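Engineer: missing the sequence, but the structure's below:
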């Protein structure tokens with residue numbers, strides 16, 4: 001049997017043309033084809049979304065103590081835990097680090113980009129073009145986006161796996177704002193603008209990663225073309241007081257706040273899978289527990305597992321989610 005393949009798709013995205021940050025509209029998208037791939041057959045597909053600060057190519061990295069995604073999938077398929085499938089690893093990165101896979105006037109139309117990528121993959125590869133045979137999965141920001149696509153586009157993605165996705169913003173993002181406040185105190189608004197203009201240089205000079213992360217989230221959740229930074233910050237930079245009008249715009253994306261609005265979509269999914277580490281440094285365990293309580297109240301089926309560890313070093317969990325996805329495909 002022929003070995004598995006990684007094809008690097010050079011995908012020219014109409015949705016990203018002319019994006020506000022001038023980021024490339026052409027994206028390099030790894031596509032995993034299983035051992036013995038035969039274009040005359042049809043395969044289920046999984047869209048695997050990377051975390052903030054990463055893109056699909058990161059899944060191919062060599063690691064001394066971890067399998068890369070090709071090695072992992074080859075093993076899972078060889079032992080029969082996962083059926084042969086196609087895995088697509090999108091690039092929704094921005095100059096700021098990430099897009100949350102959302103449409104935003106500050107970053108670009110990354111939700112639209114994802115949907116057009118699905119169309120492209122279905123045209124070019126031997127996929128089963130049905131939501132019950134198309135899953136979306138991801139970690140952190142990728143988990144947030146996977147769940148959101150399941151809420152908004154169950155006609156495209158019929159299975160969702162969310163590994164430690166952003167949720168319960170009150171517990172996840174709100175405690176991080178003092179890091180941004182202290183940095184803004186030191187560099188002023190001009191310094192924040194400089195960090196966004198050249199994040200790599202800013203981080204090399206000692207800017208806290210959390211400050212960049214929160215500014216990037218502002219670009220995703222509260223964009224404002226009239227604001228100097230291109231988005232609104234939900235706290236007053238002098239007093240730290242929460243700005244309710246801006247914060248409410250963030251909460252409109254929080255799965256905890258909007259789950260009931262999308263209950264019918266979530267109920268229609270063939271699989272809704274969550275996991276989270278017990279020691280998650282961003283308090284995501286509590287948000288995931290709270291969300292699963294809400295899902296239970298709404299009589300929505302799901303699978304949830306907690307495991308030892310922290311937010312990172314979670315690649316072994318793909319063994320569990322891919323097996324669950326494969327079983328649900330069947």
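Structural biologist: Structure received. The model shown is predicted, which means the values in this text are computed figures rather than measured ones. Residues are numbered from 1 along each chain as shown.
Engineer: and the nearest residue to residue 284 once chain neighbours are set aside, how far is that from residue 183?
Structural biologist: Leaving aside its sequence neighbours, residue 284 sits nearest to residue 164 (C-beta to C-beta, 6 or more residues apart in numbering; 5.0 Å). The C-beta positions use only the backbone N, C-alpha and C, and glycine is treated the same way. From residue 164 across to residue 183, the span is 25 Å (C-beta to C-beta, to the nearest Å).
Engineer: residue 114 now?
Structural biologist: Residue 114 is 31 Å from residue 183, by C-beta to C-beta.
Engineer: which parts of this structure are helices?
Structural biologist: 69-78, 110-124, 141-152, 169-172, 177-197, 199-204, 209-221, 244-251, 255-258, 263-268, 284-297, 317-329 (DSSP state H).
Engineer: right, and these - which one's nearest residue 233?
Structural biologist: Smallest distance to residue 233 across the helices of the chain (C-beta to C-beta): 5.4 Å, for helix 209-221.
Engineer: now do the buried residues in the closest one.
Structural biologist: The neighbour-count check on helix 209-221 (16 or more other C-beta atoms under 10 Å) flags 210-221 as buried.
Engineer: what pLDDT does residue 1 get?
Structural biologist: Note on residue 1: pLDDT of 82.
Engineer: show me what contacts it?
Structural biologist: By C-beta atoms under 8 Å, 6 or more residues apart in numbering, the residues touching residue 1 are 35-36.
Engineer: okay, it and residue 87: tell me how far apart.
Structural biologist: For residue 1 relative to residue 87 (C-beta to C-beta), the value is 18 Å.
Engineer: now swap in residue 299 and tell me
Structural biologist: Separation of residue 299 from residue 87 (C-beta to C-beta): 31 Å.
Engineer: neighbour-wise, which of the two wins?
Structural biologist: residue 87 (28 against 8; other C-beta atoms under 10 Å).
Engineer: identify the bridge partners of that one.
Structural biologist: On DSSP bridges, the residues paired with residue 87 through beta bridges are residue 32, residue 46.
Engineer: could you measure residue 137 against residue 274, distance?
Structural biologist: Per C-beta to C-beta, residue 137 is found 11 Å from residue 274.
Engineer: need the residues touching each of those two.
Structural biologist: 161-163.
Engineer: which one among these gets closest to residue 37?
Structural biologist: After measuring the shared contacts of residue 137 and residue 274 against residue 37 - C-beta to C-beta - the closest member comes out as residue 161, at 22.5 Å.
Engineer: and the pLDDT for that closest one?
Structural biologist: The per-residue pLDDT reported for residue 161 equals 99.
Engineer: most tightly packed of the helices of the chain?
Structural biologist: A comparison of these by mean neighbour count, using mean count of other C-beta atoms under 10 Å, puts helix 141-152 on top with a mean of 26.
Engineer: now do that helix and helix 317-329, the angle between them.
Structural biologist: Counting by axes from the mean of the first three to the mean of the last three C-alpha atoms, to 10 degrees, helix 141-152 points 20 degrees away from the direction of helix 317-329.
Engineer: in terms of secondary structure, what does helix 141-152 contact?
Structural biologist: strand 45-49, strand 134-139, strand 159-163, helix 255-258, helix 263-268 (3 or more C-beta pairs under 8 Å, 6 or more residues apart in numbering; DSSP states H and E).
Engineer: rerun that using 6 Å as the cut-off
Structural biologist: The contact analysis (3 or more C-beta pairs under 6 Å, 6 or more residues apart in numbering; DSSP states H and E) places helix 141-152 against strand 45-49, strand 134-139, strand 159-163.
Engineer: got a markdown table for the ones you listed, with distance to residue 193 and mean neighbour count too?
Structural biologist: A markdown table is the format used below for those (distance: least, C-beta to C-beta, whole Å; neighbours: other C-beta atoms under 10 Å):
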| stretch | distance to residue 193 | mean neighbour count |
| --- | --- | --- |
| strand 45-49 | 29 | 27 |
| strand 134-139 | 30 | 28 |
| strand 159-163 | 33 | 29 |
